[in-house]
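**Q** only geometry, no sequence info:
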Ligand SMILES: CC(C)(COP(=O)(O)OP(=O)(O)OC[C@H]1O[C@@H](n2cnc3c(N)ncnc32)[C@H](O)[C@@H]1OP(=O)(O)O)[C@@H](O)C(=O)NCCC(=O)NCCS
């Protein structure tokens, strides 16, 4: 297929899924005898204030691991969800549901149309200790779904050198480091953010961005 038509098809496909009803796109999974589901978050979800508050709580809980720290609120989460999740042409976010409980989310972002790879994104365990191992399994099931439905050939991701839990998880799944970028922490009016350290920066480096790729 023509590369441009292929790109258009993929992006239209993502948008169509995100404009659908919440619950329509779900991946049914089984892990260690536990049934669970990955449900695609769709545009209508920003009207669900309880869900937006839950995402805010998880974002706050794990703020240390994110690139920027700032006061988190449901309003900001709604804006992020509208503009950066639903509004981003190549981003999908699935919530993980075990019985009646949402326990975290996993996503796909930044489709690379030249080599048909995509990043795994927003991998978050919101609720501790529920079905250990389920986050890794969710990522694996989502990657399989992406291969089957959108022809994604391989996956990449970005994490940080001090995030031991994430590195352990990705290492077990077969991701290998392909690049790292030194960072420095910069205070901002709202809190702070990690930015790329310039070449002349000569303080000890506390955190690197680590880029990984799934070994085939
Ligand atoms: C990174 C993160 C998602 C990992 O979550 P998690 O709960 O460790 O992931 P899993 O559910 O797959 O569980 C794996 C853990 O359960 C253990 N486990 C127990 N029983 C298991 C089983 N049957 N199968 C697999 N793992 C099992 C594993 O050994 C592992 O523990 P370890 O980290 O001590 O080695 C979580 O720490 C998190 O949300 N961090 C904050 C956000 C973040 O940094 N995200 C990543 C950004 S790149």
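**A** Looks like it came in fine. As the structure is a prediction and not an experimental result, all values here were calculated from the model. Numbering: from 1, shown residues only.
**Q** For residue 161, what are phi and psi?
**A** Main-chain torsions, residue 161, degrees, to the nearest 10: phi -70, psi -20.
**Q** and the nearest residue to it once chain neighbours are set aside, how far is that from residue 53?
**A** The shortest distance from residue 161 to any non-neighbouring residue, by CB to CB, 6 or more residues apart in numbering, is to residue 208 (4.0 Å). Yep, even glycine has a C-beta here, placed from its N, CA and C like the rest. Counting by CB to CB, to the nearest Å, the gap from residue 208 to residue 53 is 33 Å.
**Q** Pull up the per-residue confidence for the residue nearest to residue 161.
**A** We have a pLDDT of 98 for residue 208.
**Q** Touching, it and residue 179? I think so.
**A** No - in this structure, residue 208 is not within contact of residue 179 by CB atoms under 8 Å, at 9.5 Å.
**Q** quick one: which of the two has more around it?
**A** Per other CB atoms under 10 Å, whichever of residue 208 and residue 179 has more neighbours is residue 208, with 18 against 12.
**Q** That one sits in which helix or strand?
**A** Under the criterion of DSSP states H and E, residue 208 resides in strand 207-214.
**Q** what's the answer for residue 79, then?
**A** helix 74-80.
**Q** List of residues touching that helix?
**A** Residues outside helix 74-80 that contact it (CB atoms under 8 Å, 6 or more residues apart in numbering): 46, 49, 52-53, 55-56, 59, 70.
**Q** ditto for stretch 157-175
**A** The contact list for stretch 157-175 (CB under 8 Å, 6+ apart) reads 65, 119-121, 123, 135-136, 139-140, 155, 180, 183, 194, 206-215.
**Q** 6 Å - rerun?
**A** For stretch 157-175, contacts defined as CB atoms under 6 Å, 6 or more residues apart in numbering pick out 65, 119-120, 136, 207-212, 214-215.
**Q** Distance from the chain centre to stretch 189-196, please.
**A** Distance, stretch centre to chain centre, for stretch 189-196: 20 Å (CA atoms, centre = their mean, to the nearest Å).
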